[in-house]
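**Q** Got a sequence here, can you model it:
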Amino acid sequence: MTAAVEHDQVYAIAEEVFSAMIDGEPGYLRPWDGELPVAAEPLVAWVDVHGELAGRAAVTTDLETAHELTRALLGMGADEPVGPEDLNDAFGEVANVVGGNVKALLPTQGSLSLPVVATVLPEVPGTSLTHELRLDWRGRSIVVVVWLFQ
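**A** Now for the predicted structure:
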């Protein structure tokens, strides 16, 4: 997947997803400057791409940021509580759209798994990290990664 998808393309996908789905306008997502903070309550959402070129696209952040993403995506109020179903649906959808756009750049189309949301990204033997984007969304850290299955 690394030869088929460039770093700048993954960044452009993340930028487009956030501006179209979450913020309603561009400019709120940019590269992270400095060391990433350690998330007290990490959360990750991912989808797997199956086909000739197979891999995984994942979005990682902390629980509080995932709640903010959910509120923004679902048009909820700033203090409105986020339930587990809304969190899984919204945060999973962010990973789903990022993964779907990465898949669309591949020379041959495969299939996309349903999104999974968990506290840790499980390791898959024989994978290699091809892209890691450390991003700043409204002062909050978000990491987008793309893995190649071998």
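**Q** Only C-alpha atoms from now on, for both contacts and neighbour counts.
**A** Will do.
**Q** wait, what's in contact with the nearest residue to residue 11 once chain neighbours are set aside?
**A** Nearest in space to residue 11, with sequence neighbours left out and distances taken as C-alpha to C-alpha, 6 or more residues apart in numbering, is residue 133 at 7.1 Å. Under the criterion of C-alpha atoms under 8 Å, 6 or more residues apart in numbering, the neighbours of residue 133 are 11, 31, 143, 144, 145.
**Q** Apply 7 Å and report the result again.
**A** Going by C-alpha atoms under 7 Å, 6 or more residues apart in numbering, residue 133 touches 143, 144, 145.
**Q** same thing with residue 74?
**A** Listed by C-alpha under 7 Å, 6+ apart, the contact set of residue 74 is empty.
**Q** separation between it and residue 14?
**A** 18 Å (C-alpha to C-alpha, to the nearest Å).
**Q** Any figure for the gap between residue 58 and residue 89?
**A** Distance, residue 58 to residue 89, using C-alpha to C-alpha: 15 Å.
**Q** got it, and residue 65?
**A** Using C-alpha to C-alpha, we find residue 65 at a distance of 15 Å from residue 89.
**Q** just checking, residue 90 is part of a helix?
**A** Yes - the assignment for residue 90 is a helix, going by DSSP: H, G, I helix; E, B strand; the rest coil.
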